[in-house]
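Asker: here's a sequence, model it:
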Amino acid sequence: MTCRGWVGCLIAIALTAAAGCGPDLPERYWRSEHVRYFSRAADTSVCPAILDEIEEHGAVIADALLIERTVTTYYKFTDQNDFEANSGCGDVGLACAQNATARSFDGFDRHELIHAYLAPYGQPPWLLAEGAAVALSCQRYPRPTGTWQEAFAAPHPSTEQYAAGGWLVGYLLHMFPGRLLPRLYKLVPYNATADQFARLVQEIYEMKLDDIWAAAISVPQTPMRCPWECERPAWAADGQPRALEPACGSGGVQLSVDLPAGGVTRWRVEGQGRFQVRSCDGSEEPMGVVTGYGGAGLLVAPLLSGSYFVDAVVDPGGAATLSGSVDGDGEVASFTCASAPALPDDIAALGKLAIFYPGSQSSRFTGFATASDRDSTMSVQSEDPNASATMCLGCDLASCFAAGTIGPGVVISAAPGAALTAHLTWRPRHL
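Answerer: Numbering: from 1, shown residues only. Purely as a prediction, here's the structure:
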């Protein structure tokens, strides 16, 4: 169970204190104008440079919402065990925020920081509070399938509530001025009923909540506005591998990528890192994370022209490089199996391969030019839970398999429908 809002965590901390056993909080202290940062003395995964990262993040979010900066306190725990034992957040698992104080074992938890920035503006119902944190930290959740009223009444925390809140607030931020969100945040009381919430949304946005909800869940991709991620330092997709360099050598790093022309993009990560590619414009985008563990990780994705960002993580004590390139004339798939293009990449050197297939009314087929003698498994990620793809021996679609060796003659068949990403994973070689 996770706790991503501050009200429930405040209760948990109060109960812990009442029992006479206060939390054992990190004691090493760094400070800047708007940030008070605490960590364990032996924790080498963070350094004072993290202050600059959070200062910049707070400034970007404040500008996007036209809110005042607030002094934010951050408690960084060494790992999940330290967090669970000593944070005082109760049985919450990952992270929590209390007023303008964030507590997490992630050194730069953007979700909890959003809670902290907005805390001075009110204590709204969970659907709005978690929705703001999900949307403004650019998290991705499955498309909601129920009504907003069901999500409003859902227990906290729950995936249903996070997903619905993220899609709803993401749509509000994408379609309306950002300054309206803190107004709503301040106006809606924590104990508001669903009807009161709907009335206040209509008062602020001059549109019925039912209509906003219908529009939000009908868009092709997760609606979002990512002011931090999409305004990070530019990263060139020129084929050159570059080191991923988080503020303190490990942790998260976000980079913006401009693709003036669409085409087949190739993204390759090597080392102790992982990444995903997201769209800033609402275009179809790959789903899932590609890692450099057990061999290089490769993402092959036809993308439209526009603005994108890379969201990457480097493990503590590790190092990782990322390269990207764009081929305006490249092909990933054919609508005819017999003419399926063969990916030229040396799959024997890979630990993971992800292939992105944009939405289509027809099946799509991809082949391979090289081989690997290691067994692979394939999984599919999509906004549509019914999306599917399989590996087959040639164009005999009756000879398909979920796991096995891959080489020339093997074809991936992606079913028609919504965009999907096929993830192939190979077992590491044993020396």
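Asker: what helix or strand is the spatially most central residue of the chain on?
Answerer: For the chain, residue 139 is the residue whose C-alpha lies nearest the centre (CA atoms, centre = their mean; 3.9 Å). Under DSSP states H and E, no helix or strand contains residue 139.
Asker: thought it was touching residue 165?
Answerer: No - contact criterion CB atoms under 8 Å: residue 139 and residue 165 do not qualify, at 10.4 Å. (Each C-beta comes from the backbone N, C-alpha and C, glycine too.)
Asker: how is the protein divided into domains?
Answerer: 6-216, 229-426 (automatic domain parsing).
Asker: of these, which is nearest residue 223?
Answerer: Between residue 223 and the domains of the chain, the shortest gap by CB to CB is with domain 6-216, which sits at 4.1 Å.
Asker: for the closest one, give the mean pLDDT please.
Answerer: Averaged across domain 6-216, pLDDT comes to 91.
Asker: chain center to that domain, what's the gap?
Answerer: 15 Å (CA atoms, centre = their mean, to the nearest Å).
Asker: re earlier: can I get the domains of the chain in CSV including distance to residue 223?
Answerer: Below are the domains of the chain laid out as CSV (distance: least, CB to CB, whole Å):
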stretch, distance to residue 223
domain 6-216, 4
domain 229-426, 7
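Asker: for residue 222, find the nearest of the ones you listed.
Answerer: Per CB to CB, nearest to residue 222 of the domains of the chain: domain 6-216, 5.3 Å.
Asker: for residue 277, which three-state class applies?
Answerer: strand (DSSP: H, G, I helix; E, B strand; the rest coil).
Asker: wait, it sits on residue 287?
Answerer: No - the pair residue 277 / residue 287 is not scored as a contact, 9.9 Å apart, by CB under 8 Å.
Asker: let me know the secondary structure of residue 189.
Answerer: Of the three states, residue 189 takes coil under three-state DSSP.
Asker: try the one 10 residues further on
Answerer: Using three-state DSSP, the three-state assignment for residue 199 comes out as helix.
Asker: number of residues surrounding it?
Answerer: 15 (other CB atoms under 10 Å).
Asker: list the residues that contact it.
Answerer: Shown in contact with residue 199 (CB atoms under 8 Å, 6 or more residues apart in numbering): no residues.
Asker: any idea how far it lies from residue 144?
Answerer: As judged by CB to CB, to the nearest Å, residue 199 and residue 144 stand 21 Å apart.
Asker: over to residue 426?
Answerer: Taking CB to CB as the measure, residue 426 falls 35 Å from residue 144.
Asker: for residue 113, same thing?
Answerer: Taken as CB to CB, the span from residue 113 to residue 144 is 24 Å.
Asker: likewise for residue 51?
Answerer: Distance from residue 51 to residue 144, by CB to CB: 37 Å.
Asker: same check on residue 342?
Answerer: In terms of CB to CB, residue 342 sits 39 Å off from residue 144.
Asker: who's more crowded, these two?
Answerer: residue 144 (22 against 15).
Asker: contacting residues around stretch 223-238?
Answerer: With contact meaning CB under 8 Å, 6+ apart, stretch 223-238 is reached by 57, 60-61, 63-64, 110, 135-136, 138, 166-167, 170-171, 173-175, 178, 216, 242, 254-259, 265, 278, 280, 282, 307, 309-311, 324-326.
Asker: returning to that earlier point: from residue 226, how far out is the residue nearest to the centre of the chain?
Answerer: In this view, residue 139 and residue 226 are 10 Å apart by CB to CB.
Asker: just the helices in this protein please.
Answerer: In the chain, the helices defined using DSSP state H lie at 6-18, 50-65, 80-86, 110-118, 126-136, 148-153, 159-175, 180-187, 194-205, 209-216.
Asker: turn these into CSV, including distance to residue 369.
Answerer: Shown next, in CSV, are those (distance: least, CB to CB, whole Å):
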stretch, distance to residue 369
helix 6-18, 53
helix 50-65, 42
helix 80-86, 42
helix 110-118, 40
helix 126-136, 41
helix 148-153, 46
helix 159-175, 39
helix 180-187, 49
helix 194-205, 52
helix 209-216, 42
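Asker: so what's residue 141 up against?
Answerer: 134, 159, 162, 163, 166, 167, 222.
Asker: please name the nearest non-neighbouring residue to it.
Answerer: Distance criterion CB to CB, 6 or more residues apart in numbering; nearest residue to residue 141, sequence neighbours excluded, is residue 163 at 3.6 Å.
Asker: right, I'll call it a day here.
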